[in-house]
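Chemist: Pasted the sequence and its predicted model underneath.
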Amino acid sequence: EEDWSKIPPVSVEPGHLVEWVWLLKGFERITGCPTGRPRGELLASALRYRDATGCLIDEGDAEGNIRRHSRRLWPQSELAKAWVAQAESGEAGAADEARAALVLLERHYLSHPVAGGWYDQFDRDGASLVATIPASSFYHVLCAVTEAEQVLA
């Protein structure tokens, strides 16, 4: 609302939560202003919204329940970037979590019959919901791989 109060029903998109983890780490790098606490809180909140594959779902509610069981590619790449940001800060186990997130990204989204292609979105049963390869996802994947190469290598 105009006073910044919540508008019911509250919708949580975990992909945006993990994207902010990475953005806050960039802010910290530029300004020197510590962002560890909010990054940890955002990441912990986002991790409540995973399905049986370990991937982030598209939408949940404020109580941590899944509202939309579909899952897109871009939140998975942002999850990898969030863990890379945490690894850059020296958080114990974060580098392993980043690598695991990249493995999930590869296994579920980048193992595609078209060389260099990817799947964009799946339903709760793992069926692809998009018949094309949307270019809008490419920069998410490229950024995740680039960040991992710089920090984890």
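Modeler: Perfect, I can see it now.

Chemist: any idea which helix is longest in the protein?
Modeler: helix 14-31 (DSSP state H).

Chemist: what's next to that helix, contact-wise?
Modeler: Contacts to helix 14-31, defined as Cβ atoms under 8 Å, 6 or more residues apart in numbering, come from residues 33-36, 38-39, 42-43, 45-49, 56-58, 60, 72, 74-75, 78-79, 81-82, 84-86, 88-89, 147. Placement of C-beta: from N, CA and C, glycine included.

Chemist: Helices - which of those land there?
Modeler: Per DSSP H, the subset of the contacts of helix 14-31 in helices is 36, 38-39, 42-43, 45-46, 74-75, 78-79, 81-82, 84-86, 88, 147.

Chemist: And these, which of them are buried?
Modeler: With burial judged by 16 or more other Cβ atoms under 10 Å, the buried subset of the ones in helices among the contacts of helix 14-31 is 39, 42-43, 45-46, 74-75, 78-79, 81-82, 84-86, 88, 147.

Chemist: Return the member of the residues you listed nearest to Tyr109.
Modeler: Here the nearest of those to Tyr109, counting by Cβ to Cβ, is Trp74; it sits at 9.4 Å.
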